[in-house]
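Q: build me a structure from this.
(2 chains)
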Amino acid sequence: DVVMTQSPLSLPVTLGQPASISCRSSQSLVHSDGNTYLSWFQQRPGQSPRRLIYKVSNRDSGVPDRFSGSGSGTDFTLKISGVEAEDVGVYYCMQGTYWPSFGGGTKVEIK
Amino acid sequence: QLVESGGGLVQPGGSLRLSCVVSGFTVSNNYMTWVRQAPGKGLEWVSLIYSSGNTGYADSMRGRFTISRDNSKNTLYLQMNSLRGEDTAIYFCGGGPNSGNSGPASWGQGTLVTVSS
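A: Residues are numbered from 1 along each chain as shown, chains lettered A, B, ... in the order given. Presented below is the predicted three-dimensional model:
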């Protein structure tokens, strides 16, 4: 199974400041079809998950452009250019190149 | 919109069937999944079904859980048998257009399953 490792576990951020979450996979996520199936999900407190980013860097419809994804192979990053109060929650990376698996989550909170 | 139901309290060894009624897209034409979240824990994949009808299960659920769909009702199901305490979780259905290997683009609100005597 592919293991997804996120860091940090907890990320206190000052409003308006940038934030960065790392996600590493135990194997390369490049699929035989040439795509890299790495997605990011946000789960606000008490809510269902919501997909933000798919195939490394593609933002879903309605996702603010302060969210961006990057990376390749086994190393990926989610960046928030300026954290807003509504960004509080847990962020998960997910790989779908193999049997899908999620990272353990990173909790973003306001300092 | 995805609306789950069917959760509740069940004894160890018991069975439960979860339903996910979908509106806005056709279940049979899309990749659909079940993902669960134990209390205070992270997300865990349970099962998936492709538009082709092919299915997949996490190792710990294979042989106990069955994913299916009713095209006439545009509904996704998860039949859960031989339930254990560690199956206690909120179960989310997800999927729809632009899902597939990128994970669910749409999610339901979840239904809570509690396995306890």
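
Q: dead centre of chain A: give me the residue that sits there.
A: The residue lying closest to the centre of chain A (Cα atoms, centre = their mean) is A:Trp40, at 3.4 Å.

Q: which regions of chain A sit below the pLDDT cut-off?
A: Within chain A, no stretch has pLDDT under 70.

Q: how about the contacts made by residue 67?
A: Went with chain A since none was named. Contacts for A:Phe67 (Cβ atoms under 8 Å, 6 or more residues apart in numbering or on different chains) come out as A:Trp40, A:Leu52, A:Ile53, A:Arg59, A:Leu78, A:Lys79, A:Ile80, A:Ser81. (Glycine included, C-beta is placed from N, CA and C.)

Q: hm, I was asking about chain B
A: Applying Cβ under 8 Å, 6+ apart, we find B:Ile67 in contact with B:Met32, B:Trp34, B:Ser47, B:Leu48, B:Ile49, B:Thr55, B:Tyr57, B:Leu76, B:Tyr77, B:Leu78, B:Gln79.

Q: pipe those residues into CSV and attach secondary structure per row.
A: Below are the contacts of B:Ile67 laid out as CSV (DSSP: H, G, I helix; E, B strand; the rest coil):
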residue, secondary structure
B:Met32, strand
B:Trp34, strand
B:Ser47, strand
B:Leu48, strand
B:Ile49, strand
B:Thr55, strand
B:Tyr57, strand
B:Leu76, strand
B:Tyr77, strand
B:Leu78, strand
B:Gln79, strand
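
Q: which of those come close to chain A?
A: When the contacts of B:Ile67 are checked against chain A using Cβ under 8 Å from any Cβ of the partner chain, the ones in range are B:Leu48.

Q: between the contacts of B:Ile67, which sits nearest chain A?
A: B:Leu48 (7.4 Å; Cβ to the nearest Cβ).

Q: in this structure the closest one contacts A:Pro100, no?
A: Yes: B:Leu48 sits in contact with A:Pro100 when judged by Cβ atoms under 8 Å, with a separation of 7.4 Å.
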